Every structure is written in C-alpha cells, then in structure tokens.
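> What shape does this take:
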Amino acid sequence: MADVVITLKIMPESPDTDLAKIAEQAKTLITADGGHVHSTENKPVAFGLEAIHIVFSKDEAKGSSDELEEAVAKISHVNSVDVIDVRRAFG
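The predicted model follows:
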C-alpha cells in the first residue's frame, strides 16, 4: 500500500488565538494517529485571521482521517477543521 499525504486546514476562533499552541496539539494528535508531520504553515485568511495548514503523511491502510479531524476540532479555540488536499505517495 501507499502513503497518503493530507493537508489539514485548521481555523481558529479569532485572530487573537494562540496558533502555535493549537499547531502543537494538532501535531501531537497526528503523531499519535500514526502520521508523520512534514510542514506547518500559517496562512492569512482575512481581517487578521490566519489558518493553520498542516501537511502530514500516513499509511493508506489505516483508513480515513475522519476520527483525527474530529479530535483536532475538539482542541480549545478551534472553530473548524477541513481536509483541503489528499494525495497518494508511492515509493
């Protein structure tokens, strides 16, 4: 089986939210789910609000990332979590 490379977009509740704290908690959840985090980047959305984009890979055989998304959405001060990209990686 191949690995899948997934990009999560995490939206905070407000521009004043500590994005670094949310990113660290999300990376911990991803690692605990068997994933390997490749990059984390804050991207501007509007009016001072930034979204966290986390790119990670995991074994395709582990199945869907729905449970992981739900866990990340429960982090304090997270408004929403969306998968914005999924790709298969071979090799």
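> what kind of secondary structure is Asp16 in?
coil (DSSP: H, G, I helix; E, B strand; the rest coil).
> can you check the one 5 residues further on too?
Reduced to three states with three-state DSSP, the structure at Lys21 is helix.
> how many neighbours does it have?
Neighbourhood size, Lys21 [other CB atoms under 10 Å]: 13. Yep, even glycine has a C-beta here, placed from its N, CA and C like the rest.
> just Ala26 next, same as before
By other CB under 10 Å, 24 other residues sit near Ala26.
> contacting residues for it?
Leu8, Ile10, Ile52, Ile54, Val72, Ile75 (CB atoms under 8 Å, 6 or more residues apart in numbering).
> Narrow those residues to those in helices?
Among the contacts of Ala26, DSSP state H puts Val72 in helices.
> Which of the contacts of Ala26 fall within strands?
Counted as lying in strands by DSSP state E, out of these, are Leu8, Ile10, Ile52, Ile54.
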